[in-house]
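# Mind folding the following:
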Amino acid sequence: MEYINIFIKSAFIDNMVFTFFFGMCSYLAVSKTVKTAVGLGAAVIFVLVITIPINYLLEEFVLKEGALTWMGDEYATMDLSFLSFIMFIAVIASIVQLVEMLVEKFSPALYGALGIFLPLIAVNCAILGAALFMQQKQFANIGEATVYGLGSGFGWFIAIVLIAAIREKIKYSHIPGPLKGVGMAFILTGLMGLAFLGFLGFEL
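Reported below is the predicted structural model:
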């Protein structure tokens, strides 16, 4: 039940896009077609599912105060939490590099469509934000941290696929000139964010 609660909350209630507006640069730029949105969304899920557990282990056994007690009592008071940003970003960048190589090898068309935004997952604030939220939430075990990463990635995936589907549908609609493109995307994102507030009632 706790895992279900974490997944629902991270995917729908604390949605990275509609609640915190994290990852907006790639969310807006790659959401012009559903195909590219699905590809980038799947890549974000993969990166989060891999990096959140790794960063959880780093936090528990290396970074936080007293985490190094397994090395000896003399390390009991050592606090390396000031290295969190550097370590988390290093892990994220490594996994993103792996994803980039896999996409380039197995789906060259998607790799070309995503362009610069695939390697930019490494600096996507939704990825780092999830790691920092994981650190803040202090999950009881690595399973909870993994489910949180999966839920956060799934929430971002839903957000970018939904906006891409809507943008494809309204492409040929009559929209005032100043609102075409990013302007309409911002309006739609705001409305979808308000709609996602309805999920507050699903918190267990």
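
# Longest helix in the chain, by number of residues?
Scanning the chain for the longest helix, with DSSP state H as the assignment, gives helix 142-169.

# other SSEs contacting the helix or strand following it?
Moving toward the C-terminus from helix 142-169, the next helix or strand (DSSP states H and E) is helix 182-196. Other elements packing on helix 182-196 under the criterion 3 or more Cβ pairs under 8 Å, 6 or more residues apart in numbering; DSSP states H and E are helix 24-29, helix 142-169. The C-beta positions use only the backbone N, C-alpha and C, and glycine is treated the same way.

# Can you list the neighbours in contact with helix 182-196?
Contacts with helix 182-196, where a contact means Cβ atoms under 8 Å, 6 or more residues apart in numbering, come from 12-13, 15, 17-19, 21, 24, 27-28, 31, 159, 162-163, 166-167, 170, 175, 179.

# So which of the helices and strands packed on helix 182-196 is nearest Ile8?
Comparison of the helices and strands packed on helix 182-196 against Ile8 by Cβ to Cβ identifies helix 142-169 as nearest, at 7.2 Å.

# picking that back up, can you give me the buried ones in the longest helix of the chain?
Buried positions in helix 142-169, judged by neighbour count with 16 or more other Cβ atoms under 10 Å: 144-164, 166-167.

# Stretch 23-40 too?
Neighbour-count burial for stretch 23-40 [16+ other Cβ under 10 Å]: 23-24, 26-32, 34, 36-40.

# Stretch 132-139 now?
Applying a neighbour-count criterion of 16+ other Cβ under 10 Å, one finds 133-135, 139 buried in stretch 132-139.

# Can you lay out these as a markdown table showing pLDDT, secondary structure and distance to Leu63?
What follows is the buried residues of stretch 132-139, written out as a markdown table (pLDDT from 0 to 100; DSSP: H, G, I helix; E, B strand; the rest coil; distance: Cβ to Cβ, whole Å):
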| residue | pLDDT | secondary structure | distance to Leu63 |
| --- | --- | --- | --- |
| Phe133 | 93 | helix | 15 |
| Met134 | 93 | helix | 12 |
| Gln135 | 90 | helix | 8 |
| Phe139 | 92 | coil | 14 |
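
# Ile163 and Met184, how far apart?
10 Å (Cβ to Cβ, to the nearest Å).

# Cys125 now?
Separation of Cys125 from Met184 (Cβ to Cβ) stands at 23 Å.

# same check, this time on Leu200
With distances taken as Cβ to Cβ, Leu200 is found 26 Å from Met184.

# Minimum distance to Val47: which of the helices and strands packed on helix 182-196 has it?
Proximity to Val47, assessed across these by Cβ to Cβ, is greatest for helix 142-169 (7.4 Å).

# Check the secondary structure at Thr19 for me.
Under DSSP: H, G, I helix; E, B strand; the rest coil, the three-state class of Thr19 is coil.

# Could you do Glu65 as well?
Following three-state DSSP, Glu65 is assigned to coil.
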